[in-house]
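[1] predicted structure and sequence below. I'll ask about it afterward.
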Amino acid sequence: MLWYAIASLTLAAAHFPLLAVGIWALAAGAHLDLLDKVMIFAGLGLFFGQISNSNAHELIHAQARPLRRLGAAIYTSMLHGHHVSAHLRVHHVHAATDADPNSARAGEGFWRYYLRTMRGEFVAGLRAENAHRSRGGRRLPLGHPYVGYVLGGIGVLSLSFAYLGGKGLAIHLGIAAYAQVQLLLSDYVQHYGLRRQIQPSGKPEPVGPQHSWNAPKWYSSAMMLNAPRHSDHHMRPGKAFFGARTGCGPDADAALFPARDGGSRAGPAAVAPGDGPPGRALAKPRVRRFGIWSLPRGRGRLMP
C-alpha cells in the first residue's frame, strides 16, 4: 500500500538527520542545560531503539534491494549492522531454539542475555554469511556484508569525530549503545523462555504462534510498526507490518502478554537489577502453558 511505503520511507529519511542533529545538540548545544540534554539523550535512544529499529527491521525484509540496503544503513549508523545478517540468516531459521543467540532462555536475566547476545549474534551472523557465500561460489571479499557493517560503522563515527571531536564521538557511541539495549530488550521479551519441541528427526518443530510473545494493545503495537505482533511475523516474514495480526490462527494458540498492560511492563521489569525473567509481566500460568522449561535451581523468579 502507498501509505505504508510513504510512512516507512519518511521514518527512514528522518533517521539520519535526527541522529546528526541530536549528536550536535548534545555535543555543542550551549543553550541546553543538563536536564535538556538528559531528556534529549533518552528520547533519541528510545526513538532509535524502538521506532527506527522497527522500521529498519521492516525494510530488511523488503523485496526490493534498495530498501533492504536502506534498512541495513540504519542499523549500521547505530553500530549494529551485523544484526541484519544475524536476524535474517540465524534468528528466522533458529528462533525459539538454543541455536539462536537472540532467543532468551528461561531464567536468564536481561543483562546476562545482553552480554551473551552482543557477542553471540555477531559471531552467528558472520558464520551464516560465510556459509551462504561459500554456497554461491567465488565472491569478492569486499562484497561481504560484514565489511560494509564494519566500514560503515567506522565511517559514521569518523564523521562525528571530525565535526564534533571527542565529545561527538562519545555521544554517538552512547546513543548507539542505548539504542542497541532497546533493540535487544525487544528481542529478549519477544521470545523469552519459549522453545520449539525437538521432533524424532532431531529437528525442531516448525515455528508456530506459540513461539513468540505478542502484545494485544493496538496503539503500542502501531508505534512499533506492529513488531509486537511477533508470531505473525515469524510465520509470514514477508508480510508488511500493516497486515500483521496479534495471533495466527486461534488466539488460544498465541503467547500473549496480559491484556491489561500489553507487555509494557515486561521491558522495565527485565532491566531491573537481578537475574530473573521479566517479572510479573510474564505471568506464571502463561509461561507454563507455552512450554517453558523449568528454571535452573536457585535462579529466576516467575511471578504469578
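    Received the coordinates, thanks. Predicted model, so just to flag it, every value in this text is computed and none were measured.
[2] now Pro204, nearest residue through space, not along the chain?
    Closest residue to Pro204 apart from its sequence neighbours, by C-beta to C-beta, 6 or more residues apart in numbering: Arg196 at 3.9 Å. Every C-beta, even on glycine, is put in place using the N, C-alpha and C of the backbone.
[3] helix/strand/coil for that neighbour?
    Counting by DSSP: H, G, I helix; E, B strand; the rest coil, the backbone at Arg196 sits in coil.
[4] any idea how far Ile175 is from it?
    The gap separating Arg196 from Ile175 is 35 Å, by C-beta to C-beta, to the nearest Å.
[5] give me the more crowded residue out of the two.
    Ile175 (25 against 19; other C-beta atoms under 10 Å).
[6] host element of the more buried one?
    Using DSSP states H and E, Ile175 maps to helix 145-191.
[7] that helix - contacts with which helices or strands?
    Applying 3 or more C-beta pairs under 8 Å, 6 or more residues apart in numbering; DSSP states H and E, one finds that helix 145-191 contacts helix 2-28, helix 34-46, helix 53-60, helix 65-77, helix 82-86, helix 110-135, strand 213-214, helix 266-271.
[8] quick one: residues in contact with the fifth one.
    Which is helix 82-86. Here helix 82-86 makes contact (C-beta atoms under 8 Å, 6 or more residues apart in numbering) with 60, 71-72, 75, 101-102, 121-122, 124-126, 128-129, 145-146, 149, 183.
[9] can you check the pLDDT for the closest residue to Asn102 other than its chain neighbours?
    Among residues not flanking Asn102 along the chain, Asp187 sits closest, at 4.5 Å (C-beta to C-beta, 6+ apart). pLDDT for Asp187: 87.
[10] same thing with Ile6?
    86.
[11] for Phe290, same thing?
    Value listed for Phe290 in the pLDDT field: 43.
[12] next one: the one 3 residues further on
    Reading off the confidence values, Trp293 has pLDDT 36.
[13] ok, back up a step: same list (the helices and strands packed on helix 145-191) but as JSON lines, adding mean neighbour count and distance to His94.
    Converted to JSON lines, those look like this (neighbours: other C-beta atoms under 10 Å; distance: least, C-beta to C-beta, whole Å):
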{"stretch": "helix 2-28", "mean neighbour count": "16", "distance to His94": "27"}
{"stretch": "helix 34-46", "mean neighbour count": "14", "distance to His94": "29"}
{"stretch": "helix 53-60", "mean neighbour count": "24", "distance to His94": "17"}
{"stretch": "helix 65-77", "mean neighbour count": "20", "distance to His94": "20"}
{"stretch": "helix 82-86", "mean neighbour count": "27", "distance to His94": "10"}
{"stretch": "helix 110-135", "mean neighbour count": "16", "distance to His94": "9"}
{"stretch": "strand 213-214", "mean neighbour count": "26", "distance to His94": "17"}
{"stretch": "helix 266-271", "mean neighbour count": "19", "distance to His94": "22"}
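[14] could I get the ones you listed as a markdown table with distance to Ser158?
    Output for the helices and strands packed on helix 145-191, formatted as a markdown table (distance: least, C-beta to C-beta, whole Å):
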| stretch | distance to Ser158 |
| --- | --- |
| helix 2-28 | 13 |
| helix 34-46 | 20 |
| helix 53-60 | 21 |
| helix 65-77 | 12 |
| helix 82-86 | 19 |
| helix 110-135 | 21 |
| strand 213-214 | 39 |
| helix 266-271 | 31 |
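[15] closest one to Ser201 among these?
    Judged by C-beta to C-beta, the one of those that comes nearest to Ser201 is helix 110-135, at 21.2 Å.
[16] model confidence over the closest one, on average?
    In this model, helix 110-135 has an average pLDDT of 94.
[17] by contact count, what packs against that helix?
    Under the contact criterion of 3+ C-beta pairs under 8 Å, 6+ apart, helix 110-135 touches helix 82-86, helix 145-191, helix 266-271.
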